[in-house]
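[1] Have a look at this prediction, sequence included:
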Amino acid sequence: MPKYREILKINEQYALDNKKEDSGVKLLLMHFSKMDSADLLLSMDEEMPDKLYQDFLYGVDRYIAKNIPVQHIIGYQDFYGYSFKVNSDVLIPRFETEELLGNILLIYGDIFEAEKIDVVDIGTGSGCLAITLDLEDSNMNVTATDISKEALKVAKQNNKKLGSNVNFLLGDMLEPLKGMKFDILVSNPPYIPNKEFVEDLVIDNEPSLALFGGVDGLDFYRKIIKNAESILNERYIIAFEHAFNKAKELRKIIKKHLKDVEIIQKKDLQGKDRMTFIIKK
Ligand code: GLN
């Protein structure tokens, strides 16, 4: 049998030749070999066992030839250090969204003292934001909504698997929250404009419901912003992720509907406008 090093190299090149990420191939090898990258490094000059070789090649074929996301082949995506189950019913959590989460944890202490904080995540998908907030901060009491029953099934499985205690409600945006009050509203709603080009890997495998946000991609922000104060306490934070080219328009919508609020807009690690925080003190 050839060595790990040779097999990995050939298949990484196969990925690159087909405009796929070589890191995807490495993730597949880590998954099928049940090794982390340190163990894998130590095995590079060993011969790859036959069974592993077959499993790995089958995975590589699904990834590169069949155009299936690595996360669907291995069944999970890491988010903020936690492993979230994903399938075609939910958006695969993205790195940018970890930044939204990190920023919420960083700023909320300036607005609220160490007290119990009620948080709601709108359009929770896999549950990555809601569950991680619940796990990272014991002050946070977290509720999450989604319009998709199938997505909520995945989110609830993640809630159980990761030992968090999020309350999940089925329904459109803020609808299932009538009569409830929160201190923090967080959302990474679908934000791709309806007619914008989306690469095959995404459009063929992730739910359209989680991707598209109307003609200009801002429909869900309008819906949330118009009604947000009906479910928020006097002092609040709203934290949004959004498309990199929509920061200005989003600011306009906020100014139109919310009075006496501070608006903070931040870039992601790639230097793109990606997050907006609305703070009412
Ligand atoms: N809130 C989930 C996430 O950030 C789902 C987002 C969505 O489906 N648009 O991954």
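    Received it, and whenever you're ready, just let me know what you need. Numbers count the residues shown, from 1 in each chain.

[2] all contacts plus neighbour counts: C-alpha atoms, from now on.
    Noted.

[3] For the stretch 51-200 of the chain, what lies in contact range of the ligand?
    Counting by C-alpha under 6 Å from any ligand atom, the stretch 51-200 of the chain comes close to the ligand at 91-93, 97, 123-126, 128-129, 188-190.

[4] Please identify the one among those that lies nearest to Phe56.
    Of all these, Phe56 sits closest to Ile92, with 21.8 Å by C-alpha to C-alpha.

[5] separation between the nearest residue to Ala210 once chain neighbours are set aside and Met173?
    In this structure, Ala210 finds its nearest non-sequential neighbour in Pro190, 5.0 Å apart by C-alpha to C-alpha, 6 or more residues apart in numbering. Per C-alpha to C-alpha, to the nearest Å, Pro190 is found 11 Å from Met173.

[6] Quick check: neighbours shared by those two?
    Phe220 (C-alpha atoms under 8 Å, 6 or more residues apart in numbering).

[7] Run through who's touching stretch 257-264.
    Ile225, Lys226, Arg251, Thr276, Phe277, Ile278, Ile279, Lys280, Lys281.

[8] got a winner among those residues for most neighbours?
    Tallying neighbours with other C-alpha atoms under 10 Å puts Phe277 at the head of these, with 22 neighbours.

[9] Can you tell me who the nearest residue to it once chain neighbours are set aside pairs with across the strands?
    Using C-alpha to C-alpha, 6+ apart and skipping the chain neighbours, the partner closest in space to Phe277 is Ala239 (4.6 Å). Note on Ala239: beta-bridge partners Val186, Phe277, judged by DSSP bridges.

[10] Begin at 887, not 1, for the rest of this chat.
    All right, first residue 887 from here; so that's Ala1125.

[11] what's around Ala1125, how many residues?
    For Ala1125, the count of nearby residues is 23 (other C-alpha under 10 Å).

[12] which SSE is the residue most central in space within the chain in?
    Centroid check for the chain by C-alpha atoms, centre = their mean gives Pro979 as the closest residue, at 2.6 Å. Under DSSP states H and E, no helix or strand contains Pro979.

[13] wait, doesn't it sit right on Phe965?
    Yes. Judged on C-alpha atoms under 8 Å, Pro979 makes contact with Phe965 at a distance of 6.8 Å.

[14] one step back: let's have the residues of the stretch 937-1086 of the chain next to the ligand in JSON lines, adding pLDDT, secondary structure and distance to Gly995.
    As requested, these are exported to JSON lines (pLDDT from 0 to 100; DSSP: H, G, I helix; E, B strand; the rest coil; distance: C-alpha to C-alpha, whole Å):
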{"residue": "Leu977", "pLDDT": "98", "secondary structure": "coil", "distance to Gly995": "29"}
{"residue": "Ile978", "pLDDT": "98", "secondary structure": "coil", "distance to Gly995": "29"}
{"residue": "Pro979", "pLDDT": "98", "secondary structure": "coil", "distance to Gly995": "25"}
{"residue": "Thr983", "pLDDT": "98", "secondary structure": "helix", "distance to Gly995": "20"}
{"residue": "Gly1009", "pLDDT": "98", "secondary structure": "coil", "distance to Gly995": "24"}
{"residue": "Thr1010", "pLDDT": "98", "secondary structure": "coil", "distance to Gly995": "23"}
{"residue": "Gly1011", "pLDDT": "98", "secondary structure": "coil", "distance to Gly995": "26"}
{"residue": "Ser1012", "pLDDT": "98", "secondary structure": "coil", "distance to Gly995": "26"}
{"residue": "Cys1014", "pLDDT": "98", "secondary structure": "helix", "distance to Gly995": "21"}
{"residue": "Leu1015", "pLDDT": "98", "secondary structure": "helix", "distance to Gly995": "18"}
{"residue": "Asn1074", "pLDDT": "98", "secondary structure": "coil", "distance to Gly995": "21"}
{"residue": "Pro1075", "pLDDT": "98", "secondary structure": "coil", "distance to Gly995": "24"}
{"residue": "Pro1076", "pLDDT": "97", "secondary structure": "coil", "distance to Gly995": "28"}
